[in-house]
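Undergrad: when you get a sec, could you give me coordinates for this:
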Amino acid sequence: MSEEFKGTILVVDDDPSLLDTIKDILEIENFRVELAHSGLEGLEKIKNNIDLVLTDIKMPGMDGIQFLHSIKEINSDIPVIVITGFASLETAVRAMREGAHDYIVKPFEVDKFIAVVKRAVKEKRLTQKNKELLNDLDFANHELDRRMHQLFRLDEINKTMSSTFDLGDILSSLVYTTTEAVKAKVGSFMLLDEESHNLVIKAARGLDKNVIDKVKIKVGQGIPGMVVEKGRTITSSEINKDKFRLGEAEEKIYRSHNFVSIPIASRSRIWGVLNISDPDVNFVFSEVDIKLLEILASQVSIALENSQLNGRLQNSYLNTLQVLASAIEAKCKYTRGHSERVTRYAVQFAKILGLSAREIDKLKFACGVHDIGKINISDAILNKPSRFNEEEWCQMRQHPAKGVEILVPLGILKEIVPLVKHHHERFDGKGYPDGLRGEELPLETKVISLVDSYDAMTSTRPYRIEMNHKSAVKEIEDNLGTQFDVELGKLFVEHRFEEVGATA
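TA: This is a model prediction of the structure:
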């Protein structure tokens, strides 16, 4: 059985007899030997897998020092031992300065020669191994950073899922967190409409608005449709094997042929599809990336189901509270139907302002229960046929805060709580309960304040008869900048609000 191969050595010398001698010595030691008769010939062979170079100093054309310099420019990791028959300090210094590993003086002792060669090859192998280990360590550190980043994102989405039941917040967090976790540039969540069986984009990152608004994909069609139908993840590497061509809609939502689409499903239903992609041709989804995305998708499916259940529960609570609020108003002939009218006015004015459907829903819910705190005020005060005294006014002013005390423990739509609490604040800061002023007041609060006051002025009160529309508008105009926001109040007046409200 032959000894283990020890490496390849290139020997460069213009003396053929010396080349043959060195070749024989090295082959006995199980080295593979390449020979070259000049520096130029040696440079051609240096492109092969060489572990060590032995070169003479004195050679025609290109001498050993020039040859050494050229080798280091090609591959600085190859050790070079120079051989010279004219040993001098100057030669040694020049050789070492150019990066020589060692130098040997002719004539040399074979044992010492072999020892120098073996040590050089061993050191080269160790250097190469260390370099590989450092590269592996660098890669491991990079992967560790990447996984820590992904775990951070996993924790981030957990916090979002546990802190909100709002569908929009959940989906936006899903798309942002998943794209960040795998360092991808494009993401979207397509919600399944169970009636039309269409997938529509409800949250996205890296997509144009017209794509978000217009793209619809049927269940069973295209990649997202197949994901829903099959109930499993589909990746670009999988469809590339099948030479599947993306459709026009898919080209828009993926923006590349490098993507992964994952179903979001709970026990009760299939919610939709999470699409993550990156236009960079060098971008690769690893198995760990896909597993992480599937874990995130699983968490989100639970959050979506909780959101749905919570929405039903909150709607039930709100319906009950609105019935209760109406019952409270019905006990007093002066406030009967007040919340219903305020809600109708607020919704119509919100449409004039161009508020979103979500903002309008928030206003609608808040207006329906904005006076729920009056449940704590005695009937004697609510039905008093004359003006309130200071003590009675003090009790009446507590109803916004009392409303908050009712809503908060129920966990009902947290965003409506500030609207209920601050619907009696004033633009000049002289309202209650917190004395907020100007821009401290959310737009929705200013809207409720306007329409609530308008309805109060155009309804009969025990201490005065109702105003007509013209008088109420005049009162609002007179109080712009004090009780009411100037710009909002002007817009309210300009749109002939009585007609809008009456026909709602």
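
Undergrad: what sits against residue 482?
TA: By CB atoms under 8 Å, 6 or more residues apart in numbering, the contact list for residue 482 reads 426, 427, 428, 430. Where you see a C-beta, it was placed from the backbone N, CA and C, and this is true even at glycine.

Undergrad: buried subset of the residues you listed?
TA: Among the contacts of residue 482, those scoring as buried are 426, 427 (criterion: 16 or more other CB atoms under 10 Å).

Undergrad: which of the contacts of residue 482 sits closest to residue 220?
TA: Set against residue 220, the nearest of these by CB to CB is residue 427 (55.6 Å).

Undergrad: tell me the SS of that closest one?
TA: Counting by DSSP: H, G, I helix; E, B strand; the rest coil, the backbone at residue 427 sits in coil.

Undergrad: excluding sequence neighbours, find me the nearest residue to it.
TA: Among residues not flanking residue 427 along the chain, residue 485 sits closest, at 5.1 Å (CB to CB, 6 or more residues apart in numbering).

Undergrad: can you give me the distance of that neighbour to residue 476?
TA: Separation of residue 485 from residue 476 (CB to CB, to the nearest Å) stands at 11 Å.

Undergrad: what touches both of the two?
TA: Residues touching both residue 485 and residue 476 (CB under 8 Å, 6+ apart) are residue 450.

Undergrad: remind me which residues of the protein are low pLDDT?
TA: 1-4, 48, 86-89, 136-167, 240-244, 302-303, 306-335, 411-413, 461-465, 496-504 (pLDDT under 70).

Undergrad: hang on, the earlier thing: pick out the most distant pair among the contacts of residue 482.
TA: For the contacts of residue 482, with distances taken as CB to CB, the pair at the greatest spread is 427 and 430 (9.0 Å).

Undergrad: show me what the helix or strand residue 213 falls within is in contact with.
TA: Of the helices and strands defined by DSSP states H and E, residue 213 is found in helix 209-214. With CB under 8 Å, 6+ apart as the test, helix 209-214 has contacts from 188, 201, 204, 252, 253.

Undergrad: with secondary structure as added columns, please give the residues you listed in JSON lines.
TA: Output for the contacts of helix 209-214, formatted as JSON lines (three-state DSSP):
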{"residue": "188", "secondary structure": "strand"}
{"residue": "201", "secondary structure": "strand"}
{"residue": "204", "secondary structure": "strand"}
{"residue": "252", "secondary structure": "helix"}
{"residue": "253", "secondary structure": "helix"}
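
Undergrad: hey, where'd the strands end up in the stretch 51-200 of the chain?
TA: Using DSSP state E, counting those that start in this stretch, the strands of the stretch 51-200 of the chain run over 52-56, 80-84, 102-105, 186-193, 198-205.

Undergrad: repeat for the stretch 201-350 of the chain
TA: Counting by DSSP E, counting those that start in this stretch, the strands of the stretch 201-350 of the chain are 216-218, 234-235, 259-265, 270-277.

Undergrad: could you look over the strands of the stretch 51-200 of the chain and pick the most buried one?
TA: strand 52-56 (a mean of 25; mean count of other CB atoms under 10 Å).

Undergrad: just the CA trace of that one, in CSV.
TA: Once non-C-alpha atoms are left out, strand 52-56 reads as follows in CSV (Å, rounded to 0.1, in the frame of the first residue of the first chain):
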residue,chain,number,x,y,z
LEU,A,52,4.9,24.9,-2.9
VAL,A,53,7.3,26.5,-5.4
LEU,A,54,11.1,25.9,-5.5
THR,A,55,12.9,28.4,-7.8
ASP,A,56,16.5,29.1,-8.7
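
Undergrad: for it, which strands pair with it and how are they oriented?
TA: Strand 52-56 pairs in its sheet with strand 8-12 (parallel), strand 80-84 (parallel), by DSSP bridges.

Undergrad: now render those as TSV, adding distance to residue 170.
TA: Listed next are these as TSV, based on distance: least, CB to CB, whole Å:
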stretch	distance to residue 170
strand 8-12	62
strand 80-84	64
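
Undergrad: residue 407: which of the strands of the stretch 201-350 of the chain is closest?
TA: For the strands of the stretch 201-350 of the chain, distance to residue 407 was read as CB to CB. The smallest value, 28.6 Å, belongs to strand 270-277.

Undergrad: okay, angle between that closest one and strand 198-205 too, please.
TA: Computed with axes from the mean of the first three to the mean of the last three CA atoms, to 10 degrees, the direction of strand 270-277 lies at 50 degrees from that of strand 198-205.

Undergrad: ok, residue 296 touching residue 174?
TA: Yes: counting by CB atoms under 8 Å, residue 174 is a contact partner of residue 296 at 7.1 Å.

Undergrad: residue 34 in helix, strand or coil?
TA: Residue 34 ends up strand, using three-state DSSP.

Undergrad: quick one: contacts for it?
TA: So residue 34 contacts 8, 9, 10, 11, 45, 48, 50 (CB under 8 Å, 6+ apart).
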